[in-house]
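In: attaching a predicted model along with its sequence, questions to come.
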Amino acid sequence: YGDLASRSNQLARYLIERGVGPDAVVAILLDRSFEMIVAMLGVLKAGGAYLPLDPEYPAQRLSFMIGDSGSVFVISDGDLYAGLDTQDAVLPPQIDVYDAALLQQLEALPDGVIAPSERIAPLQPDHLAYLIYTSGSTGVPKGTALAHQNLLHYLLWARKTYPCDYGIGAPINTSIAFDATITSLWLPLISGSRVSLFSGVDDIEELAKQLNQQSGFSLVKLTPIHMDVLCNTLETESLSEQTRSYIVGGEQLNAKTIQLWRDHAPSTRIINEYGPTETVVGCCVYEVNDTTPTEGAIPIGSPIWNTQLYILDQTLTPVPDGIAGELYIAGAGLARGYLGRPGLTSERFIACPFGVDGSRMYRTGDLARRRHDGEIEYLGRIDDQVKVRG
């Protein structure tokens with residue numbers, strides 16, 4: 001933690017000296033490493049917003065996202081940066097976290113806490129914290145803009161709901177370009193716990209190996225397809241000791257997927273977390289319990305703190321319990337919108353007729369219904385979009 005604080009503070013000062021401040025976007029293109037976390041934290045401390053990029057993405061897509069986001073720098077290493085597609089884009093300058101001259105320059109900077117007066121401008125709750133790109137129905141990537149207040153709201157709720165004070169933290173077994181990683185990365189760090197970085201070569205194989213070899217993770221964040229694979233690779237005799245909680249999201253969770261844990265590790269918490277990228281990871285949760293059905297889909301449950309979920313018909317009128325409608329989300333987790341896409345933002349983030357004047361709600365495109373006990377069930381999409389591994 002001392003090294004992480006020191007190195008990220010030095011990087012933040014370096015960025016501030018070069019004009020990074022509120023709403024400035026800095027792309028991060030690194031393999032999973034200590035330097036990757038230093039970079040993400042350094043950008044936030046400078047007051048900027050980080051754009052997490054997966055090195056496994058095609059070079060043309062990476063270059064598009066860097067250009068579309070208006071990134072002012074790319075924090076990377078020489079090989080990854082050199083592999084970007086420069087044919088149709090002018091790339092911003094690189095900050096090579098492994099360059100000896102840069103490291104010497106950073107070490108010369110003070111490593112104490114960044115004072116508000118050092119930043120270019122005061123940092124406000126609605127300033128950008130990060131961008132996550134999703135493909136959208138057209139296949140053209142769009143940058144979802146999440147603010148500091150959105151991120152903090154989710155993390156404070158998650159810290160209360162998924163405590164990391166017990167156990168050995170969490171593994172990062174998903175790409176940083178996938179917002180599920182936010183739970184596995186920032187939640188342990190704000191709790192004083194440990195983050196285990198996997199190589200990324202074969203995430204699910206590495207996760208199974210880690211779970212079989214050691215016990216006591218605080219939580220593991222994964223998709224239903226991950227759990228399906230784990231069913232065939234985990235040792236059942238140690239199942240109850242491997243992690244305190246599984247947080248499952250990204251796709252519809254089926255009861256069959258979690259039956260192994262219900263049979264052999266009933267004390268392990270299994271929480272179905274629903275939430276599009278536009279609402280910071282998760283906005284609705286359901287914890288599996290003794291009354292949960294053993295067949296069919298697991299409900300997505302009830303909204304988290306300061307969040308409202310509405311199931312509406314085409315006239316934006318609430319439908320009765322048990323009737324399917326489109327799911328709309330309002331509340332503290334709602335993104336600012338899509339960066340540089342005002343038309344799409346106004347189409348998806350609309351005025352909320354049920355809240356205070358000026359409040360908005362997000363149109364998910366998801367079909368859902370509310371059960372008579374108040375829990376919400378996810379039914380699928382209202383269009384032809386499909387999800388692959390979350």
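Out: Great, that's in hand. Predicted model, so just to flag it, every value in this text is computed and none were measured.
In: check contacts around Gly301.
Out: Asn272, Tyr274, Cys284, Val285, Tyr286, Glu287, Glu375, Ile376 (CB atoms under 8 Å, 6 or more residues apart in numbering). For glycine as for every other residue, the C-beta is placed from the backbone atoms N, C-alpha and C.
In: with Leu309 instead?
Out: Taking CB under 8 Å, 6+ apart, we find Leu309 in contact with Cys283, Cys284, Pro303, Leu327, Tyr328, Ile329, Ala330, Ile376.
In: that one: what secondary structure?
Out: strand (DSSP: H, G, I helix; E, B strand; the rest coil).
In: give the bridge partners for it, please.
Out: Ile329 (DSSP bridges).
In: run through the neighbouring helices and strands of the lowest-mean-pLDDT helix or strand in the chain.
Out: The weakest-scoring helix or strand in the chain, judged by mean pLDDT, DSSP states H and E, is helix 203-213 (a mean of 87). When contacts are defined as 3 or more CB pairs under 8 Å, 6 or more residues apart in numbering; DSSP states H and E, helix 203-213 sits against strand 220-222, helix 224-230.
In: again, 10 Å this time
Out: Contact analysis of helix 203-213 by 3 or more CB pairs under 10 Å, 6 or more residues apart in numbering; DSSP states H and E lists strand 170-172, strand 195-197, strand 220-222, helix 224-230, helix 239-242 as its packing neighbours.
In: now the ones you listed in CSV, with distance to Thr317, mean pLDDT and mean neighbour count?
Out: As requested, these are arranged in CSV below (distance: least, CB to CB, whole Å; pLDDT from 0 to 100; neighbours: other CB atoms under 10 Å):
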stretch, distance to Thr317, mean pLDDT, mean neighbour count
strand 170-172, 41, 93, 25
strand 195-197, 45, 93, 17
strand 220-222, 36, 95, 26
helix 224-230, 32, 92, 19
helix 239-242, 46, 92, 18
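In: which among the ones you listed is found nearest to Val386?
Out: Across the helices and strands packed on helix 203-213, Val386 has its closest neighbour in helix 224-230 (13.0 Å, CB to CB).
In: which residues are contacting the least confident helix or strand of the chain?
Out: Under the criterion CB atoms under 10 Å, 6 or more residues apart in numbering, residues 32, 171-175, 196, 198-200, 202, 217, 220, 222-223, 225-230, 232-235, 238-239, 241-243, 389 lie in contact with helix 203-213.
In: now with 6 Å?
Out: The contact list for helix 203-213 (CB atoms under 6 Å, 6 or more residues apart in numbering) reads Asn173, Phe198, His226, Val229, Leu230, Thr233, Leu234, Glu235, Gln242.
In: so which of the helices and strands packed on helix 203-213 gets nearest Leu11?
Out: Nearest to Leu11 among the helices and strands packed on helix 203-213 is strand 195-197 (17.8 Å), distances taken as CB to CB.
In: could you dump the least confident helix or strand of the chain to CSV, C-alpha only?
Out: C-alpha atoms of helix 203-213 as CSV (Å, rounded to 0.1, in the frame of the first residue of the first chain):
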residue,chain,number,x,y,z
ASP,A,203,-8.6,-16.4,-16.9
ILE,A,204,-11.0,-19.2,-16.1
GLU,A,205,-8.3,-21.9,-15.9
GLU,A,206,-6.2,-19.7,-13.6
LEU,A,207,-9.2,-18.9,-11.5
ALA,A,208,-9.9,-22.6,-11.0
LYS,A,209,-6.3,-23.3,-10.1
GLN,A,210,-6.2,-20.5,-7.5
LEU,A,211,-9.5,-21.6,-6.0
ASN,A,212,-8.3,-25.1,-5.7
GLN,A,213,-4.9,-24.2,-4.3
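In: tell me how far it lies from the chain's centre.
Out: In terms of CA atoms, centre = their mean, to the nearest Å, the centre of helix 203-213 is set 21 Å apart from its chain centre.
In: identify each buried residue in that helix, please.
Out: Buried residues in helix 203-213, defined by neighbour count with 16 or more other CB atoms under 10 Å: Asp203, Ile204, Glu206, Leu207, Ala208, Gln210, Leu211.
In: give me the distance between the second one and Thr223.
Out: So the one you mean is Ile204. 10 Å (CB to CB, to the nearest Å).
In: run the chain-centre distance for the biggest strand by length in the chain.
Out: Ranked by residue count under DSSP state E, the longest strand found in the chain is strand 360-370. Taking CA atoms, centre = their mean, one finds the center of strand 360-370 at 19 Å from the center of the full chain.
In: next: stretch 244-255.
Out: The answer for stretch 244-255 is 15 Å, by CA atoms, centre = their mean.
In: cool, stretch 7-18 as well?
Out: The answer for stretch 7-18 is 24 Å, by CA atoms, centre = their mean.
In: just stretch 152-163 next, same as before
Out: Relative to its chain's centre, stretch 152-163 lies at 13 Å (CA atoms, centre = their mean).
In: CA-only coordinates of that stretch in PDB, if you can.
Out: The C-alpha trace of stretch 152-163 is given here as PDB (Å, rounded to 0.1, in the frame of the first residue of the first chain):
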ATOM      1  CA  LEU A 152     -18.300   6.200  -5.100                       C
ATOM      2  CA  HIS A 153     -22.000   5.500  -4.600                       C
ATOM      3  CA  TYR A 154     -21.600   1.900  -5.900                       C
ATOM      4  CA  LEU A 155     -18.400   1.200  -3.900                       C
ATOM      5  CA  LEU A 156     -19.800   2.400  -0.600                       C
ATOM      6  CA  TRP A 157     -22.900   0.300  -1.100                       C
ATOM      7  CA  ALA A 158     -20.700  -2.700  -2.200                       C
ATOM      8  CA  ARG A 159     -18.400  -2.300   0.800                       C
ATOM      9  CA  LYS A 160     -21.400  -2.600   3.100                       C
ATOM     10  CA  THR A 161     -22.900  -5.500   1.100                       C
ATOM     11  CA  TYR A 162     -19.800  -7.500   0.100                       C
ATOM     12  CA  PRO A 163     -17.400  -6.900   3.000                       C
END
